[in-house]
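Enquirer: Sequence below, structure please.
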Amino acid sequence: MRIAVVIPCYRTGDAVLSVLGRIDVQVAAIYVVDDACPQHTGDRVEQVCIDPRIKVLRHEQNQGVGGAVVTGIRAALADGADIIVKIDGDGQMDPGLIGKFVEPIRLRRADYCKGNRFYKLEYLESMPKLRLFGNTVLSFVSKMSTGYWSVMDPTNGYVAMHAKIAAELPLDKLSKRFFFESDLLFRLNIMRAVVEDVPMQAVYADEISNLSVRRVVWEFSGLYLNRFFKRLFYSYFLRGFNAASVMFLAGSVLSLAGSGFGAWQWYHNSAAGVFSSAGTVMLAVLPIVLGFQLLLTAVQIDIQSEPRLPVHLKL
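Expert: The predicted structure is shown next:
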């Protein structure tokens with residue numbers, strides 16, 4: 001199978017040269033995407049590298065990591081790639097692992113593979129503590145939002161996908177910034193693609209991240225919530241209607257009704273200076289408890305509904 005590697009570059013410095021030098025012969029094509037890098041990475045690669053597999057693509061304006069990867073994916077598809085691998089150019093991802101990312105797709109076990117730095121405690125020793133905490137929280141939120149409850153480390157940028165899956169993705173709609181990997185998981189779930197984690201250890205040195213934690217918290221919260229409701233709509237109301245659909249609806253209505261009634265009673269009785277009766281309290285609590293149970297059961301069905309059969313075999 002023809003393997004292509006996409007490397008988005010923005011402020012990677014000469015680290016990308018080391019990455020390129022460690023990509024082995026199983027890779028047929030390498031696309032270095034200079035995302036309007038102020039260090040002119042594309043020029044540097046062309047000056048130093050003589051590897052005929054390397055093709056430098058350039059953006060006139062910076063589009064973000066997602067935009068750069070999409071440019072590389074389009075070029076790889078046009079050149080007839082069968083599997084497309086994306087790694088970063090800053091040296092945090094070992095090119096020697098490309099074979100491990102490709103293997104589940106080559107064996108028709110998965111449509112998409114992504115790195116998982118949480119597989120072993122030893123893999124986390126070099127990860128900065130703030131980044132470790134943020135990745136842990138994002139992983140749980142991503143599970144609910146994307147429906148891939150068995151995968152971890154959703155923001156890991158070391159990924160591989162079958163070309164047929166890449167060709168079916170709505171590339172124009174993918175997030176162009178740092179939400180790219182999470183948005184990709186949401187789109188893959190809508191396609192019912194099988195995702196598999198690949199254990200890996202990240203390498204952290206003195207590189208400076210372009211990711212602002214404060215900006216990510218606000219930006220990602222809204223985007224995850226948006227993708228969560230979109231996924232529920234597509235999976236449980238547009239393309240199917242089953243027991244989980246009824247439970248999501250009934251559970252939400254009962255929980256909101258009970259909470260609203262309880263809040264109104266608390267406000268009204270507090271203003272009047274009287275205590276709420278046991279019956280009034282029960283009228284608020286019972287729908288909340290019943291609604292919560294229904295929502296938990298719906299989530300359990302959602303967990304069991306994670307895609308299991310590779311979809312690229314049908315395309």
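
Enquirer: can we go C-alpha only for contacts and neighbour counts from here?
Expert: Noted.

Enquirer: ok, then the element right after the one helix or strand Ser139 maps to?
Expert: Take DSSP states H and E as the rule and Ser139 turns out to sit in helix 129-146. Under the assignment DSSP H and E, the closest C-terminal helix or strand after helix 129-146 is strand 159-162.

Enquirer: For the helix holding Ser139, list every residue counted as buried.
Expert: Using 16 or more other Cα atoms under 10 Å as the test for burial, helix 129-146 gives Leu132, Asn135, Leu138, Ser139, Phe140, Val141, Ser142, Lys143, Met144, Ser145, Thr146.

Enquirer: Quick one: list the elements packing against it.
Expert: Using 3 or more Cα pairs under 8 Å, 6 or more residues apart in numbering; DSSP states H and E, the elements in contact with helix 129-146 are helix 180-191, helix 213-233.

Enquirer: how about a cut-off of 6 Å?
Expert: Here helix 129-146 touches helix 213-233, going by 3 or more Cα pairs under 6 Å, 6 or more residues apart in numbering; DSSP states H and E.

Enquirer: re earlier: just curious, which of the buried residues of helix 129-146 is nearest to Leu315?
Expert: Thr146 (22.0 Å; Cα to Cα).

Enquirer: Check what pLDDT the closest one gets.
Expert: Listed pLDDT for Thr146 reads 95.

Enquirer: now it, nearest residue through space, not along the chain?
Expert: Take Thr146 and drop its neighbours on the chain: the residue closest to it by Cα to Cα, 6 or more residues apart in numbering is Phe186, 4.5 Å away.

Enquirer: right, and that neighbour touches Tyr148 too?
Expert: No - judged on Cα atoms under 6 Å, Phe186 makes no contact with Tyr148 at a distance of 8.6 Å.

Enquirer: ok, those two, which is more surrounded?
Expert: Of the pair Phe186 and Tyr148, Tyr148 is the one with more neighbours under other Cα atoms under 10 Å, namely 26 against 23.

Enquirer: contact partners of the one helix or strand Glu46 maps to?
Expert: Glu46 belongs to helix 41-48 when assigned by DSSP H and E. Applying Cα atoms under 6 Å, 6 or more residues apart in numbering, the contact partners of helix 41-48 are Asp34, Val56.

Enquirer: what about it, distance to the chain center?
Expert: 30 Å (Cα atoms, centre = their mean, to the nearest Å).

Enquirer: Over to stretch 121-133?
Expert: 19 Å.

Enquirer: now stretch 283-295
Expert: The answer for stretch 283-295 is 32 Å, by Cα atoms, centre = their mean.

Enquirer: Show me which residues of that stretch are buried.
Expert: For stretch 283-295, by 16+ other Cα under 10 Å, it's Ala284, Val285, Pro287, Ile288, Leu290, Gly291, Phe292, Leu294, Leu295.

Enquirer: Could you do stretch 17-26 as well?
Expert: Buried, per 16+ other Cα under 10 Å, within stretch 17-26: Leu17, Val19, Leu20, Ile23.

Enquirer: Can you flag which of the residues you listed belong to helices?
Expert: Within those, residues falling in helices by DSSP state H are Leu17, Val19, Leu20.

Enquirer: Closest one of those to Phe101?
Expert: Of these, the one sitting nearest to Phe101 (Cα to Cα) turns out to be Val19, at 16.3 Å.

Enquirer: show me what contacts that closest one?
Expert: With Cα under 6 Å, 6+ apart, Val19 has no contacts at all.

Enquirer: Please report how far it lies from Ala278.
Expert: 68 Å (Cα to Cα, to the nearest Å).

Enquirer: Same question for Ser145.
Expert: Ser145 is 38 Å from Ala278, by Cα to Cα.

Enquirer: Repeat that for Ile23.
Expert: From Ile23 to Ala278 the distance is 70 Å (Cα to Cα).

Enquirer: cool, and Ala110?
Expert: From Ala110 over to Ala278 (counting by Cα to Cα), the distance is 55 Å.

Enquirer: what about these two, which has more around it?
Expert: Ala110 (26 against 8).

Enquirer: My guess is the more buried one contacts Asp197. True?
Expert: No - counting by Cα under 6 Å, Ala110 stays clear of Asp197, with 9.8 Å between them.

Enquirer: which residues touch the residue nearest the centre of the chain?
Expert: Geometric centre of the chain, nearest residue: Ser182, 2.3 Å, by Cα atoms, centre = their mean. By Cα under 6 Å, 6+ apart, the contact set of Ser182 is Pro154.
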